[in-house]
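Peer 1: just to be clear, the model below is a prediction. Sequence and coordinates:
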Amino acid sequence: MATDTNNSSKQLANGLGWFSIGLGVAELATPNLVAKLIGVNDGSTTKKILRSYGARELAAGVGILYGSNPSGWLWARVAGDVLDLSSLVKAMTSDDNKRGRAIAATAAVVGVTVADVRCAMQLANSKSNQQNGRSSTMISSSIIIGRNVDEVYGFWRNFNRLPEILDRLEAVQTLDDKRSHWKLSLPLGRTLEWDAEITHEQPNSRIAWRSVSASVPHSGEVRFEPAAGGRGTKVTVEIRPEGHSTIFAKPFALAPEQHVIIALHNLKQLLETGEIIKSDASIHRGIHAAQPPADFPAGNNGLRSAAAV
Amino acid sequence: MRANCWMGKEHVSVETVPDPKILNQRDAIVKITSTAICGSDLHLYNGYVPSMESGDVLGHEFMGEVVEVGRGVQNLKKGDRVVVPFPIACGSCFSCQRGLFSVCENSNPNAWMAEKMWGHSPAGIFGYSHLLGGFAGGQAEYARVPFADVGPIKVPDGLTDDQVLFLSDIFPTGYMGADLCCIQPGDTIAVWGCGPVGQFAMKSAFLLGAERVIAIDRFPERLRMAREKVGAETINYEDVELLPTLKDMTGGRGPDACIDAVGMEAHSPGLVGAYDRAKQAMRLETDRPVALREAIMACRNGGTVSVIGVYGGFIDKFPAGSMMNRSITIKTGQCHVQRYLKPLLERIQNGEIDPSFVITHRMPLEQAPEGFAMFRDKQDDCIKIVLKPH
């Protein structure tokens, strides 16, 4: 369904693109004819204006047909339409011009403007749908940790400790063998909670889960395998958001993949060095100069775990 | 405390900032007795290193007295006199176990940022951008030293600050530059750049058995230091054409190894220099690789090019054909300082080298802004500035 809308608005966009090019060439090459057609006098100023409008049409047409962001170029066309309309309104009020033709031209431009606006909006919508849709593709990342598989698996299987490595994960509470309750803190004091259920578990090898709450529909798994050459454990995390849930993108300043990568780095640091390394800047959320803190910032995940150890 | 802060391009300022605190159990706090301005600080000063924030405390060459240790530090105690290596390293990861401390896998809290820019992340570095961790630096009265049980080396009281301070960076960096050349008896080593790192690379090349060392620069005072303090032959590339001169000096064969101790802000006379400056200004290349290009072209067939000058991003007109067809080996890296601390401290104690020969200026920390401008403009024959915070 979404794809159909997408195709028809693309066809409309292509039509408008070629229309732009045709009109642009006409205005550039034969401004006299165009002036007659729309009923304005063909003095040298008019010709100059029409030629510049022609160049504008040509650029917009090429942009719509071949640019990477056709909806942006369509909005440029809309801006051009407004300019055309204001010129035509001026022409209609001048006695030098043929009012009837100018009115007809104005009506035509109004029609084209409506088409431009609709098409630009449809394309922009389908683009943002695609971007939201991206969150429903799988997030995957892996890291090698210089520890035995049972040690790494053992850390992860104790879900209660996962808040130490994942920023904004407030707490994970084990409900029974299979089920656990997860709580994420969001900006502005909001929280997000869901229950997860283990769907498959193979000790020292794999844990798969899915969310059983509608608030954060997703499934995921984490795999543990001996790294090549006896160099510790390769940990792979895969998370599959379901439906058009944007929850994985919205609470965070960073892309969700980044959070998984940072969590894996934190896990590696914790298991290999005993703690998660802090810098004078990294203890703050957001941008902060690399200066010692006046006080320990509150609510920072990493610091809390460092203080708790 | 007082600390020298990066405030923006070509603007540093000594500000009052909070005292450092223990943030990790393996931290120590060091009261700084001597600190220095590094040539690589000029890349920050000149605005060529991304991810700097106004207020960042600068400085990665420092030493001092331990005043506080975290619970995880067993080998240091209050009152110990230590030199601190500029790369921060955990000592236990894959890289550290192989002696590759400057690419420690665990010491950069912003590893994900560096991964985006460079594919993988190197170690964190004191006072050297947020890409490399956002650690406050050592041009200050005090500094927090993470993994203090791995990095800092205790130094005996018999040696002065001036003699051991440069173990923090430039002496091991120059030494590694020569070490990477796998010097054989009879070798001729050419060194681009006669700043402090270049001087130590030349001195180290002799220590490691080179027969001849050729120094390349354009500043007479730096070439004089290379001649008089190191014993190198010198070329001023503004007086002669560099590549033919190097060929003549080596019987047409070229130096056995070439060391680039210049990095991303190379100066070059004429068209090539103008070309790179223009492309850098238009952000079409981030680094000006004149010295690196020349080092590759000059090096003998089958020789080694050792790159210890700092690069940040991308270069163009890289002579890949010359490199590949002539069996050139390129070796490079930020210095794995922790690997060299002990052997180089021994060389200082044995009197094989006194690193203080590069110092031309000493000033209080409060004068750091004047120091930066003086160092950048090479005023008053400035080669190396040591700052005293207390």
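Peer 2: Yep, that arrived.
Peer 1: what number of residues lie near residue 215?
Peer 2: Assuming you mean chain A. 12 (other CB atoms under 10 Å in any protein chain shown). Just so you know, the C-beta spots here come from the backbone N, C-alpha and C atoms, and that holds for glycine as well.
Peer 1: wait, chain B was what I had in mind.
Peer 2: For B:Ala215, the count of nearby residues is 27 (other CB under 10 Å).
Peer 1: contacts only, for it.
Peer 2: Listed by CB atoms under 8 Å, 6 or more residues apart in numbering or on different chains, the contact set of B:Ala215 reads B:Val191, B:Cys194, B:Gly198, B:Met202, B:Leu223, B:Ala226, B:Arg227, B:Val230, B:Ala232, B:Glu233, B:Thr234, B:Ile235.
Peer 1: run the last query once more with 7 Å
Peer 2: The contact partners of B:Ala215, taken as CB atoms under 7 Å, 6 or more residues apart in numbering or on different chains, are B:Val191, B:Cys194, B:Met202, B:Leu223, B:Ala226, B:Ala232, B:Thr234.
Peer 1: B:Asn4 pairs with what?
Peer 2: Beta-bridge partners for B:Asn4, by DSSP bridges, are B:Val14.
Peer 1: which residues touch B:Leu58?
Peer 2: B:Asn4, B:Cys5, B:Trp6, B:Val12, B:Asp41, B:Leu44, B:Gly127, B:Gly137, B:Gln139.
Peer 1: in stretch B:66-84, what's buried?
Peer 2: The neighbour-count criterion (16 or more other CB atoms under 10 Å in any protein chain shown) identifies B:Val66, B:Glu68, B:Val69, B:Gly70, B:Gly72, B:Val73, B:Leu76, B:Asp80, B:Arg81, B:Val82, B:Val83, B:Val84 as the buried residues of stretch B:66-84.
Peer 1: can you give me the end-to-end span of that stretch?
Peer 2: 11 Å (CA to CA, to the nearest Å).
Peer 1: so after the longest strand anywhere in chain A, what's the next helix or strand?
Peer 2: Identified as the longest strand of chain A according to DSSP state E is strand A:191-202. Downstream of strand A:191-202, the next assigned helix or strand under DSSP states H and E is strand A:206-211.
Peer 1: neighbouring strands - and their directions - for that next one?
Peer 2: By DSSP bridges, strand A:206-211 pairs with strand A:191-202 (antiparallel), strand A:218-226 (antiparallel).
Peer 1: please work out which of the ones you listed is packed deepest.
Peer 2: strand A:218-226 (a mean of 18; mean count of other CB atoms under 10 Å in any protein chain shown).
Peer 1: what number of residues lie near A:Leu28?
Peer 2: 17.
Peer 1: so A:Ile207 touches A:Glu221, yeah?
Peer 2: Yes: applying CB atoms under 7 Å as the test, A:Ile207 and A:Glu221 come out as touching, 6.5 Å apart.
Peer 1: near chain B, which residues of chain A show up?
Peer 2: Proximity of chain A to chain B, by CB under 7 Å from any CB of the partner chain, involves residues A:146, A:231, A:258, A:261-262, A:265, A:268-269, A:272-275, A:277-283, A:287, A:289-294, A:306.
Peer 1: and A:Leu186, how many neighbours does it have?
Peer 2: A:Leu186: 14 neighbours (other CB under 10 Å).
Peer 1: tell me the spacing between it and A:Ile239.
Peer 2: Plainly put, A:Leu186 is 18 Å away from A:Ile239 if you go by CB to CB, to the nearest Å.
Peer 1: how about the contacts made by the nearest residue to A:Ala29 once chain neighbours are set aside?
Peer 2: Nearest residue to A:Ala29 in three dimensions, chain neighbours excluded: A:Gly54, at 7.9 Å (CB to CB, 6 or more residues apart in numbering or on different chains). Residues near A:Gly54 by CB under 7 Å, 6+ apart: A:Gly24, A:Glu27, A:Leu28.
Peer 1: just put those residues in JSON lines and tack on distance to A:His200, secondary structure and pLDDT.
Peer 2: Shown next, in JSON lines, are those (distance: CB to CB, whole Å; DSSP: H, G, I helix; E, B strand; the rest coil; pLDDT from 0 to 100):
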{"residue": "A:Gly24", "distance to A:His200": "61", "secondary structure": "helix", "pLDDT": "82"}
{"residue": "A:Glu27", "distance to A:His200": "66", "secondary structure": "helix", "pLDDT": "82"}
{"residue": "A:Leu28", "distance to A:His200": "66", "secondary structure": "helix", "pLDDT": "82"}
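Peer 1: B:Met63 bridge partners, please.
Peer 2: Here B:Met63 sits in beta bridges with B:Ser34, B:Val83, as judged by DSSP bridges.
Peer 1: that one - how many residues pack around it?
Peer 2: 24.
Peer 1: for the closest residue to B:Asp187 other than its chain neighbours, give its distance to B:Ser34.
Peer 2: Spatial nearest neighbour of B:Asp187, chain neighbours left out: B:Asp256 (4.1 Å); criterion: CB to CB, 6+ apart. Between B:Asp256 and B:Ser34 the computed distance is 36 Å (CB to CB).
Peer 1: so is stretch B:15-22 next to chain A?
Peer 2: Yes: residues of stretch B:15-22 contacting chain A under CB under 7 Å from any CB: B:Val17, B:Pro18, B:Asp19, B:Pro20, B:Lys21.
Peer 1: residue contacts, the third one?
Peer 2: Right, the one you point to is B:Asp19. A:Pro292, B:Met1, B:Tyr142.
Peer 1: and for the residue in the stretch 101-250 of chain B positioned nearest to chain A, the neighbour number?
Peer 2: Nearest to chain A, among the residues of the stretch 101-250 of chain B, is B:Gly134, at 2.7 Å (CB to the nearest CB). Residues lying near B:Gly134 (other CB under 10 Å) number 30.
Peer 1: so it touches A:Ile283, yeah?
Peer 2: No: counting by CB under 7 Å, B:Gly134 does not reach A:Ile283; the two are 9.2 Å apart.
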